[in-house]
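In: fold the stuff below for me.
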Amino acid sequence: MEMKPNHASPVLTDPAPVTKSRLGIRLWPQNGAALSSSKCITIPRKKPGILDDVRSNGWLDAMKASSPPRKKLVKDFILEVAVDDSDAAYVSWMLKHPSALNSFEQIIEQAKNKKIVVFLDYDGVLSPIVDDPDCALMSDDMRVAVKNVADRFPTAIISGRSRDKVYDLVGLTELYYAGSHGMDIMGPVNNSVSNDHPSCVKSTDQQGKEVNLFQPAREFLPVIDEVFRTLVENTKGITGAKVENHKFCASVHYRNVDEKNWPVIAQCVHDILKEYPRLRLTHGRKVLEVRPVIDWNKGKAVEFLLDSLGLSDSEDVLPIYIGDDKTDEDAFKVLREGNCGFGILVASTPKETSAVYSLKDPSEVMEFLKLLGDWKKTEEAGND
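Out: Residues are numbered from 1 along each chain as shown. The predicted structure is shown next:
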């Protein structure tokens, strides 16, 4: 999977906004607050009736919007009819974001004479969304499909989970891994690039191969750990709540929390965040994520990896990003605005997206990856 770099990556010290050829990291003002305190604080949870904060700031609306209900099926004799007013809307939405499977020939036409680079989210893409995040496991067939793609194209997993956790779940050494929404990247060493930013250091992977370890939010590690412990303590009385430490962000899952208690869990997170002005909240599918306020996201992780591979600003490169969540939209937007590749959204309901194509679920993702790997294998055989 080694590729020779063909252009130099910029030095990551300029706080200017990211462009196709420029990367930057911007820390927001600290407002006089210390990055972390010497002890973990515990903030009493408000009573359910005192929830003006999370209602006025739109948190509850965002939680519901990012957590669409599952389809309900009604059986009538031998017919199974979906009772869902969004069916017609989904068909209309598919006209704007056609199936990547049905459009595969069109995609391959775009890929001719180009170097494909594949980026994949994990949850909801390589594994199904399940009630317990610890049970979101890849199937053996999916692992084979991902490996076949990674054997033929540079391939990276960019997940909200910690990098170590997603590596343990995937278990493939052929990939590059980026955890915490791209804030923890283990990528290739480009000897023609001067990676002298303090957040980028030389390291070794599990096989002892030299890699670049890029962690733009490294200084936030103590405060994220502190907030994680506080979240665990303050949500332990909410049935179904689960808190995870993803190293550079902390996640509060409410998939198994009764919807009547969503305001309580939202207020709990809100009250804790008020003590940490350099942290912010983002919404995922039935999850609240606490992250550092830095100018970094999955889109910039894609740009960083392309730079590290020496494939940025190259007209013969076609990046493909497959994701299912709001955090993947930053990557979709980078590829669309740069006109250098495209996103594929995994969704079974209509969503506002910058992705070009769509797939319904992980089973379709696996089928698409198989097609991609088989196409490349056939092409290579034809060139022998």
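In: going forward, measure contacts between C-alpha atoms and count neighbours the same way
Out: OK.
In: where does this structure have its least confident helix or strand?
Out: In the chain, no helix or strand scores lower on mean pLDDT, DSSP states H and E than strand 72-76, which sits at a mean of 39.
In: what about the helices in the chain?
Out: 52-56, 59-65, 86-96, 104-111, 140-150, 163-170, 221-235, 262-273, 298-308, 329-338, 362-383 (DSSP state H).
In: with mean neighbour count, distance to residue 255 and mean pLDDT added, can I get those helices in TSV?
Out: Converted to TSV, the helices of the chain look like this (neighbours: other C-alpha atoms under 10 Å; distance: least, C-alpha to C-alpha, whole Å; pLDDT from 0 to 100):
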stretch	mean neighbour count	distance to residue 255	mean pLDDT
helix 52-56	14	18	63
helix 59-65	16	11	74
helix 86-96	14	22	88
helix 104-111	13	34	95
helix 140-150	19	25	97
helix 163-170	18	20	95
helix 221-235	19	14	96
helix 262-273	20	10	93
helix 298-308	24	23	93
helix 329-338	20	22	95
helix 362-383	16	19	93
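In: residue ranges with poor pLDDT in the stretch 101-250 of the chain?
Out: In the predicted model, the stretch 101-250 of the chain carries pLDDT under 70 at residues 190-198.
In: ok, which stretches of it are strands?
Out: Secondary structure of the stretch 101-250 of the chain (DSSP state E, counting those that start in this stretch): strands at 115-120, 155-158, 176-179, 184-187, 200-204, 210-214, 242-245, 250-253.
In: the ones you listed: which one's closest to residue 336?
Out: strand 115-120 (14.4 Å; C-alpha to C-alpha).
In: show the model's pLDDT score for residue 24.
Out: On pLDDT, residue 24 comes in at 44.
In: so who does residue 360 touch?
Out: Contact analysis of residue 360 by C-alpha atoms under 8 Å, 6 or more residues apart in numbering lists 346, 347, 348.
In: where does it fall, phi/psi-wise?
Out: For residue 360, the backbone dihedrals (degrees, to the nearest 10) come out as phi -80, psi -40.
In: and stretch 276-285, what's its mean pLDDT?
Out: 91.
In: what about residue 210, distance to residue 184?
Out: Separation of residue 210 from residue 184 (C-alpha to C-alpha, to the nearest Å): 16 Å.
In: check residue 208 too.
Out: 18 Å.
In: and those two? Which one has more around it.
Out: residue 184 (29 against 8; other C-alpha atoms under 10 Å).
In: quick check: chain neighbours aside, which residue is closest to that one?
Out: In this structure, residue 184 finds its nearest non-sequential neighbour in residue 215, 4.7 Å apart by C-alpha to C-alpha, 6 or more residues apart in numbering.
In: for that neighbour, which residues are in contact?
Out: Per C-alpha under 8 Å, 6+ apart, neighbours of residue 215: 183, 184, 185, 199, 200.
In: only alpha carbons, please: show stretch 201-208 as PDB.
Out: C-alpha atoms of stretch 201-208 as PDB (Å, rounded to 0.1, in the frame of the first residue of the first chain):
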ATOM      1  CA  VAL A 201       5.600  13.100  16.000                       C
ATOM      2  CA  LYS A 202       7.300  10.000  14.700                       C
ATOM      3  CA  SER A 203       6.000   6.700  16.100                       C
ATOM      4  CA  THR A 204       5.700   3.000  15.200                       C
ATOM      5  CA  ASP A 205       2.600   1.000  14.500                       C
ATOM      6  CA  GLN A 206       1.800  -2.500  15.800                       C
ATOM      7  CA  GLN A 207       4.200  -4.100  13.300                       C
ATOM      8  CA  GLY A 208       7.100  -1.700  14.200                       C
END
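In: sorry, back to before: of the contacts of residue 215, closest to residue 367?
Out: residue 185 (27.3 Å).
In: so that closest one sits against residue 161, correct?
Out: No: in this structure, residue 185 is not within contact of residue 161 by C-alpha atoms under 8 Å, at 11.9 Å.
In: and residue 150, how far from residue 109?
Out: Note on residue 150: its distance to residue 109, by C-alpha to C-alpha, is 20 Å.
In: likewise residue 264?
Out: Distance from residue 264 to residue 109, by C-alpha to C-alpha: 51 Å.
In: please apply the same query to residue 288.
Out: Here the criterion is C-alpha to C-alpha. By it, residue 288 lies 40 Å from residue 109.
In: sorry, back to before: so of the contacts of residue 360, which ones are in strands?
Out: residue 346 (DSSP state E).
In: and the nearest residue to residue 324 once chain neighbours are set aside, what are its bridge partners?
Out: Among residues not flanking residue 324 along the chain, residue 346 sits closest, at 4.6 Å (C-alpha to C-alpha, 6+ apart). Beta-bridge pairing of residue 346 under DSSP bridges involves residue 359.
In: could you list the residues in contact with stretch 166-176?
Out: By C-alpha under 8 Å, 6+ apart, stretch 166-176 touches 1, 122, 137-138, 143, 147, 150-151, 154-157, 159, 177, 179, 185-188, 206-207.
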